[in-house]
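Novice: Fold the following, please.
(one chain, ligands or ions: 1)
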Amino acid sequence: MEGVLMSLGATSSATTTTRSFYFQKSTRFRNTHIPKHSPFKQLSFPITKAQQSELEEGSAAVKESEVGIFQDEVVLSQGIKIRRRPPTGPPIHHVGPFEFRLQNEGNTPCNILEEIVWHKDVEVSRLKERNTLVMLNKMLTNAPPVRDFIGALKSANSRTGLPSLIAEVKKASPSRGVLREDFDPVEIAIAYEKGGAACLSVLTDEKYFQGSFENLEAIRSSGVQCPLLCKEFVIEAWQIYYARVKGADAILLIASILPDLDIKYMLKICKMLGLAALVEVHDEREMDRVLEIKGIELIGINNRDLATFEVDIGNTKKLLEGERGQKILQKGITVVGESGLFTPADIAYVQESGVKAVLVGESIVKHKDPTVAITQLFGKDIAS
Ligand SMILES: O=C(O)c1ccccc1NCC(=O)[C@H](O)[C@H](O)COP(=O)(O)O
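Specialist: A predicted model of the protein is given here:
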């Protein structure tokens, strides 16, 4: 590794454009004020020459492909329904001395996932002011070393012959409310590790999941050895740096909110920082999109529709059938079955469908002893 001062003049839409666009009933608006996400003008962090040229190639490709293409058209062509927050919120109207805001389809989130993403946009803007990329870059030198997230999944899978477990430290969720009142993240993480979890997923979203980056840091510094997934709603590359500084070994990238170019660019950032990326899909279209992206090693199939909360574990099977399953095998991608897993029969069902790992929250976090809950979930002790 060598120190290189990077200049990323032409970067991906993930870094130089906001892509704050929104639709109204019949008209789409594109926010042409762009420079909000431009933190990467001059970066100083250790990367190899090969990584540098890879990033530059990526940047050039992004620039090229964006010429003449409106970002909202790109997004629509990829079937992404989650819109970005309108730049100004509902317009203000005055009637006499009164001021009010008009709510309509275009400036009010249309489902919970969209609401989360819009809120995240505001939250990230504020956090970035207090933690600039230059500051994060400095902090990277003191960040704890990255552990091998995918390696841990693979070795637990070959040791037990069962899907390896990513156990989720989850206090609450929009669909289920508070899952555990006496929530001590470190205690839960230790109990998960004792129960045989290969990796942990730590929710860092505060507003909707009552999680935090403090939880992630506390678990990381507690001595727990399991590699940690930062379970966030990533809309900007800056968040990946932040997660790394806070001790994450892996990060979640959700295909229903990120266009392909953002995913590609973010994968490169992850690679450069040594983080694993869990790219999450929910339907066939998202799976087909991500299977076209080079370099994906880990795909999560979420059985929960994040817009409606509907959960169906048959989704994992559906997305792994036929050609898609073949392609995944050929590419050597590890698949994680996510959400709605409660019994040994559920685990067997997703394993038969082809997953090598599972991500589980509710069914183990609610139990008074999460170690016991893991044994009950798998129908056997997976720790030894
Ligand atoms: O869990 C939710 O209600 C939720 C709502 C909106 C966006 C994301 C949401 N959950 C994230 C997850 O996918 C789950 O936390 C994870 O897969 C574990 O699921 P479970 O075992 O069902 O708790």
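Novice: is it true that residue 341 touches residue 361?
Specialist: No: with contact taken as CB atoms under 8 Å, residue 341 and residue 361 are classed as non-touching, separated by 9.2 Å. All C-beta spots, glycine's among them, are computed from the backbone N, C-alpha and C.
Novice: Those two: which is more packed in?
Specialist: When residue 341 and residue 361 are compared for neighbours, residue 341 comes out ahead with 27 against 24, by other CB atoms under 10 Å.
Novice: nearest residue to that one other than its sequence neighbours?
Specialist: With CB to CB, 6 or more residues apart in numbering as the measure, residue 360 is the residue that lies nearest to residue 341, at 5.1 Å, once sequence neighbours are left out.
Novice: so what pLDDT did that neighbour get?
Specialist: Residue 360 carries a pLDDT value of 98.
Novice: how deep is it tucked in, by neighbour count?
Specialist: Neighbour tally, residue 360, other CB under 10 Å: 28.
Novice: got the contact list for it?
Specialist: Under the criterion of CB atoms under 8 Å, 6 or more residues apart in numbering, the neighbours of residue 360 are 165, 166, 167, 168, 341, 377.
Novice: Residues contacting the helix or strand where residue 375 lies, please?
Specialist: Of the helices and strands defined by DSSP states H and E, residue 375 is found in helix 370-378. By CB under 8 Å, 6+ apart, the list of residues contacting helix 370-378 from outside reads 162, 165, 167, 188, 191-192, 194-197, 341-344, 347, 360, 363-367, 381-383.
Novice: From the ligand, how far out is residue 296?
Specialist: Noted for residue 296: a distance of 18 Å to the ligand, by CB to the nearest ligand atom, to the nearest Å.
Novice: mind checking the SS state of that residue?
Specialist: coil (DSSP: H, G, I helix; E, B strand; the rest coil).
Novice: Might you report the residue contacts of the most centrally placed residue in the chain?
Specialist: Against the mean C-alpha coordinate of the chain, by CA atoms, centre = their mean, the closest residue is residue 252 at 2.2 Å. Residues in contact with residue 252 (CB under 8 Å, 6+ apart) are 201, 229, 230, 231, 232, 234, 277, 278, 280, 300.
Novice: okay if I get the residues you listed as CSV plus secondary structure and distance to residue 133?
Specialist: Output for the contacts of residue 252, formatted as CSV (DSSP: H, G, I helix; E, B strand; the rest coil; distance: CB to CB, whole Å):
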residue, secondary structure, distance to residue 133
201, strand, 25
229, strand, 22
230, strand, 17
231, strand, 22
232, coil, 17
234, coil, 15
277, strand, 19
278, strand, 23
280, strand, 25
300, strand, 27
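Novice: For residue 243, give me phi and psi.
Specialist: Main-chain dihedrals, residue 243, degrees, to the nearest 10: phi -60, psi -40.
Novice: Identify the residue nearest whatever residue of the stretch 251-384 of the chain ends up closest to the ligand in space, chain neighbours excluded?
Specialist: The stretch 251-384 of the chain approaches the ligand most closely through residue 361 (2.9 Å), counting by CB to the nearest ligand atom. Counting by CB to CB, 6+ apart, residue 168 is the residue found nearest to residue 361 once chain neighbours are left out, at 3.5 Å.
Novice: In a strand, the one you found, correct?
Specialist: Yes: under three-state DSSP, residue 168 falls within a strand.
Novice: Am I right that it is in contact with residue 200?
Specialist: Yes: shown here, residue 168 and residue 200 form a contact pair, counting by CB under 8 Å, at 7.4 Å.
Novice: hang on, the earlier thing: may I see the contacts of residue 252 arranged in JSON lines, with distance to the ligand and neighbour count as well?
Specialist: Below are those laid out as JSON lines (distance: CB to the nearest ligand atom, whole Å; neighbours: other CB atoms under 10 Å):
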{"residue": "201", "distance to the ligand": "7", "neighbour count": "25"}
{"residue": "229", "distance to the ligand": "10", "neighbour count": "30"}
{"residue": "230", "distance to the ligand": "13", "neighbour count": "26"}
{"residue": "231", "distance to the ligand": "7", "neighbour count": "28"}
{"residue": "232", "distance to the ligand": "11", "neighbour count": "25"}
{"residue": "234", "distance to the ligand": "13", "neighbour count": "25"}
{"residue": "277", "distance to the ligand": "16", "neighbour count": "26"}
{"residue": "278", "distance to the ligand": "10", "neighbour count": "30"}
{"residue": "280", "distance to the ligand": "8", "neighbour count": "24"}
{"residue": "300", "distance to the ligand": "8", "neighbour count": "28"}
